[in-house]
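A.B. asks: Give me the fold of what follows.
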Amino acid sequence: MTEQSEYQLEDSLMTQMQDLGYERVTITTEAALLANLKTQIVRANKLDKPLSDDEWKQVISHLGSGSAFERAKKLRDKFNVKFDDGSSRHIQFFWPNADDNIWQLSNQIMVDHSSQNGRTSRFDVTILVNGLPLVQIELKRRGGIEIAEAFHQTMRYSKAAYKAGHGLFEFIQLFVISNGANTRYYAKGTQHFNFTFPWADSDNKPINEIVDFTEVFLTPTHLTEMIAQFIVLYESSKTMMVLRPYQVHATKRLIERATTSDKNGYIWHTTGSGKTLTSFKASQIIMQLPDVEKVVFVVDRNDLDTQTANEFNAFKDGSVDSTTNTKNLVKQLGENHDKLIVTTIQKLNRAIKSERHQEKISYLKDKKVVFIFDECHRSQFGETHRNIKRFFQQSQMFGFTGTPILVDNAHNKAGLKLTTAYLFDECLHRYTIVDAIRDRNVLPFQIDYVGKFTKSDGAADEKVTAIDTQEIYNDPKRIDDIARYIIEKHDTKTKRREFNAIFCVSSVDILTQYYDAFERIQAQKQADDPTFKPLTIATIFSYAANEATDASFEENGLIEESSFETPAQVDETSRDKLDRYIGQYNHTFATNFDSGKNYYPYYRDIATKVKQRKIDILI
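C.D. replies: Sure thing, here's the model as predicted:
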């Protein structure tokens, strides 16, 4: 169908949804909405009689206040009502089982916000769950109207219309927008069209047509899952986020594996696609399974950044212990009420290797403990993998990685191919860089070739092949030319420093040459032009990440976990330069780091400032 009016699209959608089990009701005003809400709360909670005026006043007073984020929490919580007969009872507004909820459908509900801006608004299709408007669908005619206009319409409504009256539309959890051929969903509070998503099947094939989308996404069962399990309430920013299709499918695969099997598994989701959010949600849900004693989310300490720690602590206060004290981890493992623990690979390894620590957590040996490893290709190729399996005899291991170790890039020692699948069994879900670029979830590659190698006789116009020597690449003039080019083009390439960059080089020695070149060239440019604003450049060295210190590691092809204590492996010349670079960093940001005990905090601070875009280039 090439042409379909908005009215036709709306009527067709509602007919289809009635076939899915929705009760179609006629509600056109807030008064009717409130009356229906009062009735459905009684029905859903199976109360013996209707709420009296005093009882209803308690409920509507509770529901009619607070921000959208606060109302999202109220939706998932219970409320204690004091009844006229002196008794009291907790009532609910939403249940995690679809059959326990009452699903209704209405259209063209009108709200009056004329007191604010002299206007009224009508909403296309509203899904009411136990009387509360939880899903809003905005439609545009098929054949010519861009779907983005529906998004912008919901943005306009959010400024006043949703807050009007008792503000019940502030309970909206999900939006769906469609022009028939293109359909997307997003969480309330989304500020940009780029964060609206088409639904997709488990093979990452988008489902755009509204009829097909409705059949799989708008069913009561699926919407219950999305609202109950796949919306994340971020305490740190007081916002809601909804998982993308591949995140939902991966989480469901993990839950299914944890529920029905004792086998391991891993998720292959490309870098930048939100693996931490997926693993966070998976941890949260698996923790609630009755036979799971503990869920331990494990990261390499280098990756336990501030954001990860804040979000996990927001879900459960104190779940992340950022200190190096292994005793704190052992205490958490030893306490029955701590079901979710976030720790580092280093502390976990120390805890299970020490006999005195083992005694305190010995009760976990025969319990089901689920380990979820962030970037499992790195943290699991070492001694810790064997130690965990040896101590936690009923453990189940799940891994996330954007770069799995496959057969063709695996270490091959003693005839053993150490792949991600060898350690974690099968891949449970895959979302590759190809998928992410197609969905515009990550930026596409943009490759510019600048300059070319030439013959030594100066024949600059003729390309020279088979030159691949460090002598050419690391020539001081070439390093200077590259640094100068980056300085000159940086603001254009980054849209006047809207973005920042990581500059990767081959060794510490080359790193220091580039850092010094940037410093020297920028100083000269500033001397020549006082209006020139130098780029903020910082650096971090990593050490011995691929060096084996145990003979057994070498013969098995395993890699020891990296350490970020003190960079003792760096030669004195590089160490002196590092001290100078850190000193410059301290001067720029008024910090007090060093290359000794305060080196790891320096690493963490750089990670934070890169995210805040206070660093232009990280070498």
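A.B. asks: what sits against residue 62?
C.D. replies: Taking CB atoms under 8 Å, 6 or more residues apart in numbering as the criterion, residue 62 is in contact with 74, 79. From N, CA and C alone the C-beta is placed, and that goes for glycine too.
A.B. asks: Can you name the helix or strand that it falls in?
C.D. replies: helix 53-63 (DSSP states H and E).
A.B. asks: After that helix, which helix or strand is next? Please name it.
C.D. replies: helix 68-75.
A.B. asks: If you count contacts, what does that next one end up packed against?
C.D. replies: If contacts are counted by 3 or more CB pairs under 8 Å, 6 or more residues apart in numbering; DSSP states H and E, helix 68-75 sits against helix 53-63, strand 231-234, strand 239-242.
A.B. asks: what's the burial count for the residue lying closest to residue 263 once chain neighbours are set aside?
C.D. replies: Spatial nearest neighbour of residue 263, chain neighbours left out: residue 425 (5.3 Å); criterion: CB to CB, 6 or more residues apart in numbering. Per other CB atoms under 10 Å, the neighbour tally for residue 425 reads 17.
A.B. asks: repeat for the one 10 residues further on
C.D. replies: By the measure other CB under 10 Å, the count of residues near residue 435 is 19.
A.B. asks: Now do the contacts for it.
C.D. replies: Contacts of residue 435 by CB under 8 Å, 6+ apart are 204, 246, 270, 441.
A.B. asks: One more pass at 6 Å, please.
C.D. replies: residue 204 (CB atoms under 6 Å, 6 or more residues apart in numbering).
A.B. asks: Can you say which helix or strand has it in it?
C.D. replies: helix 433-438.
A.B. asks: residues of that helix that come out buried?
C.D. replies: By neighbour count on 16 or more other CB atoms under 10 Å, the buried set for helix 433-438 is 433, 435, 436.
A.B. asks: and stretch 255-275, what's its mean pLDDT?
C.D. replies: In this model, stretch 255-275 has a mean pLDDT of 92.
A.B. asks: Report how far apart the opening and closing residues of it are.
C.D. replies: End-to-end distance for stretch 255-275: 16 Å, by CA to CA, to the nearest Å.
A.B. asks: and what of stretch 403-422?
C.D. replies: 15 Å.
A.B. asks: likewise stretch 437-446?
C.D. replies: Start-to-end, stretch 437-446 (CA to CA) is 12 Å.
A.B. asks: tell me how far it is from the chain's mean position?
C.D. replies: 17 Å (CA atoms, centre = their mean, to the nearest Å).
A.B. asks: do the same with stretch 580-599
C.D. replies: On CA atoms, centre = their mean, the centre of stretch 580-599 falls 30 Å from the chain's centre.
A.B. asks: do stretch 342-351 as well
C.D. replies: Per CA atoms, centre = their mean, the centroid offset for stretch 342-351 relative to its chain is 23 Å.
A.B. asks: Also stretch 74-88?
C.D. replies: With CA atoms, centre = their mean, you get 35 Å for stretch 74-88.
A.B. asks: what about it, how long is it end to end?
C.D. replies: First residue to last in stretch 74-88 (CA to CA) measures 18 Å.
A.B. asks: residues of that stretch that come out buried?
C.D. replies: 74, 75, 76, 81, 83.
A.B. asks: Look at the fourth one and give its secondary structure.
C.D. replies: At residue 81 the chain is in strand, as set by DSSP: H, G, I helix; E, B strand; the rest coil.
A.B. asks: Can you give me every residue that contacts it?
C.D. replies: Residue 81 neighbours (CB under 6 Å, 6+ apart): 55, 58, 89, 91.
A.B. asks: Quick check: the two most widely separated of the buried residues of stretch 74-88?
C.D. replies: 76 and 83 (23.2 Å; CB to CB).
A.B. asks: all helices of the stretch 301-450 of the chain, in order?
C.D. replies: 306-315, 326-334, 345-353, 355-360, 376-379, 383-391, 420-424, 433-438 (DSSP state H, counting those that start in this stretch).
A.B. asks: Report all helices and strands that the fourth one contacts.
C.D. replies: Secondary structure elements in contact with helix 355-360, counted by 3 or more CB pairs under 6 Å, 6 or more residues apart in numbering; DSSP states H and E, are helix 326-334.
A.B. asks: Please repeat the previous calculation with a cut-off of 10 Å.
C.D. replies: helix 326-334, helix 345-353 (3 or more CB pairs under 10 Å, 6 or more residues apart in numbering; DSSP states H and E).
A.B. asks: Just the CA coordinates for it, please, in CSV.
C.D. replies: Output of helix 355-360 as CSV, limited to C-alpha atoms (Å, rounded to 0.1, in the frame of the first residue of the first chain):
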residue,chain,number,x,y,z
GLU,A,355,43.6,-20.3,51.8
ARG,A,356,42.4,-17.9,54.5
HIS,A,357,40.0,-16.3,52.0
GLN,A,358,38.8,-19.6,50.7
GLU,A,359,37.6,-20.6,54.2
LYS,A,360,35.3,-17.6,54.4
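A.B. asks: Could I get the buried residue list for that helix?
C.D. replies: Quick answer for helix 355-360 (16+ other CB under 10 Å): residue 357.
A.B. asks: now what about it, what contacts it?
C.D. replies: 326-327, 329-331, 333-334, 350-352, 354, 364-365, 391 (CB atoms under 10 Å, 6 or more residues apart in numbering).
A.B. asks: Averaged pLDDT, it. What do you get?
C.D. replies: 85.
A.B. asks: centre of the chain versus the helix holding residue 62, how much separation?
C.D. replies: Distance, centroid of helix 53-63 to centroid of chain: 37 Å (CA atoms, centre = their mean).
A.B. asks: Show me what counts as buried in that helix.
C.D. replies: Under 16+ other CB under 10 Å, the buried positions of helix 53-63 are 55, 56, 58, 59, 60, 62, 63.
A.B. asks: related to what we said a few turns ago, point out the most buried one among the helices of the stretch 301-450 of the chain.
C.D. replies: Mean neighbour counts were compared across these using mean count of other CB atoms under 10 Å; the top stretch is helix 376-379, at a mean of 24.
A.B. asks: quick revisit: pull the most distant pair out of the contacts of residue 81.
C.D. replies: Maximum distance among the contacts of residue 81 (CB to CB): 11.5 Å, for 58 and 89.
A.B. asks: Could you name every residue contacting both of those two?
C.D. replies: 79, 80, 81, 82, 83.
A.B. asks: Closest one to residue 594 out of those residues, please.
C.D. replies: residue 79 (53.3 Å).
A.B. asks: Could you tell me how far residue 45 is located from residue 92?
C.D. replies: 6 Å (CB to CB, to the nearest Å).
A.B. asks: Can you pull out the low-pLDDT segments for the stretch 451-600 of the chain?
C.D. replies: 452-468, 542-572 (pLDDT under 70).
A.B. asks: residue boundaries of the helices in it?
C.D. replies: 470-473, 476-493, 508-528, 551-556, 572-589, 599-611.
A.B. asks: Now distance to residue 369 and mean neighbour count too, for these, in a markdown table please.
C.D. replies: Listed next are the helices of the stretch 451-600 of the chain as a markdown table, based on distance: least, CB to CB, whole Å; neighbours: other CB atoms under 10 Å:
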| stretch | distance to residue 369 | mean neighbour count |
| --- | --- | --- |
| helix 470-473 | 47 | 11 |
| helix 476-493 | 47 | 14 |
| helix 508-528 | 39 | 16 |
| helix 551-556 | 24 | 14 |
| helix 572-589 | 39 | 16 |
| helix 599-611 | 27 | 17 |
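A.B. asks: Can you check which of these gets nearest to residue 233?
C.D. replies: So among those, helix 599-611 is nearest, using CB to CB, at 21.1 Å.
A.B. asks: Tell me the helices and strands packed up against the closest one.
C.D. replies: Using 3+ CB pairs under 10 Å, 6+ apart, helix 599-611 is in contact with helix 306-315, strand 537-538, helix 572-589, strand 617-618.
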